[in-house]
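**Student:** Build me a structure from this.
(chains A and B)
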Protein chains: 2
Amino acid sequence: MYKCTGSTLVIKGKCNSIVLDNCKKCALVFDDVISSCEIINCQSTQVQVNGKCPTVSIDKTDGCQVYLSKVSVSCEIVSAKSSEMNICVPKGTDGEFSEHPVPEQFKTMWNGKQLVTTASDLNL
Amino acid sequence: MYKCTGSTLVIKGKCNSIVLDNCKKCALVFDDVISSCEIINCQSTQVQVNGKCPTVSIDKTDGCQVYLSKVSVSCEIVSAKSSEMNICVPKGTDGEFSEHPVPEQFKTMWNGKQLVTTASDLNL
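**Tutor:** The predicted structure is shown next:
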């Protein structure tokens, strides 16, 4: 587990998992992660995946920009109790990214049998 | 706006909106609300709707039990940055309720064109 404020953390090569806990204005850059990268209790964090990463988990975090690589574009983003999250997906061949907000507000309604939940306010 | 700790708040008749902000272990009981009932920054709150309520909004709250009435069963629950939420829906005629958890964790994936978000871990 790494703890830092306002700094850049670069992890080279392949590791099992990364947990970024209680960090402010941090940038995390890593190559390959076997299980998952977790961002917990953070503010204004940037995460850049250069290689493969099956799961990025974002919990209790306000502000998280995740840059995916071409080989990690099918990465699963698991989020809870967080806001201001964006996923940047590579487009074209010249290192450009398109930015997409992750829903942070949800609408739940009873349909007569069960609760049905959908994302709302995608562009908050 | 009402502020309280560990107490029960009963609002009789019809009002425009209710905001419960920064309350712990509070119970809120009300008849009819024209616009919405908002629960913000609360912990371990109980909300009971006796009449009509189009929207219950839950924000930055841990622990919120919402009891809906038969006429408010189609109420829209808007949630953000919250956990441990349950919606209690009336069943039968003898005042029984069935309890249903509101999703608090979500899975977001890139499908090649856009992000797709679904609820995960419904029974956390």
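
**Student:** Chain B contacts on chain A?
**Tutor:** Neighbours of chain B within chain A, by C-beta under 8 Å from any C-beta of the partner chain: A:68, A:73-83, A:87, A:89, A:100-110, A:114-115, A:117, A:119-120. Yep, even glycine has a C-beta here, placed from its N, CA and C like the rest.

**Student:** Buried ones among those residues?
**Tutor:** A:68, A:75, A:77-83, A:87, A:89, A:100-110, A:115, A:117, A:119-120 (16 or more other C-beta atoms under 10 Å in any protein chain shown).

**Student:** if you look at those residues, which of them are in helices?
**Tutor:** Of those, none are assigned to helices by DSSP state H.

**Student:** Which of those residues fall within strands?
**Tutor:** Secondary structure from DSSP state E places A:77-80, A:83, A:87, A:89, A:100-101, A:105-110, A:115, A:117, A:119-120 of these in strands.

**Student:** Output the below-cut-off pLDDT ranges for chain A.
**Tutor:** Counting by pLDDT under 70, chain A contains low-confidence ranges at A:1-5, A:121-124.

**Student:** distance from the centroid: which residue in it tops it?
**Tutor:** Distance from the centre of chain A peaks at A:Gly112, with 34.4 Å (C-alpha atoms, centre = their mean).

**Student:** Quick check: phi and psi at it.
**Tutor:** phi 100, psi -20 (degrees, to the nearest 10).

**Student:** Please apply the same query to A:Ser82.
**Tutor:** Main-chain torsions, A:Ser82, degrees, to the nearest 10: phi -130, psi 160.

**Student:** Run a quick check on it versus A:Glu104, I expect a contact.
**Tutor:** Yes: contact criterion C-beta atoms under 8 Å: A:Ser82 and A:Glu104 qualify, at 6.6 Å.

**Student:** so what sits against both of these two?
**Tutor:** By C-beta atoms under 8 Å, 6 or more residues apart in numbering or on different chains, A:Ser82 and A:Glu104 have these common neighbours: B:Lys81.

**Student:** if I look at A:Met109, how far off is B:Ile77?
**Tutor:** 7 Å (C-beta to C-beta, to the nearest Å).

**Student:** ignore the last one, A:Val29
**Tutor:** For A:Val29, the distance to B:Ile77 equals 39 Å [C-beta to C-beta].

**Student:** A:Asp59 now?
**Tutor:** Taking C-beta to C-beta, one finds A:Asp59 at 21 Å from B:Ile77.

**Student:** again with A:Ile34
**Tutor:** Distance of A:Ile34 to B:Ile77, given as C-beta to C-beta: 38 Å.

**Student:** Since that was my last question, I'll sign off now.
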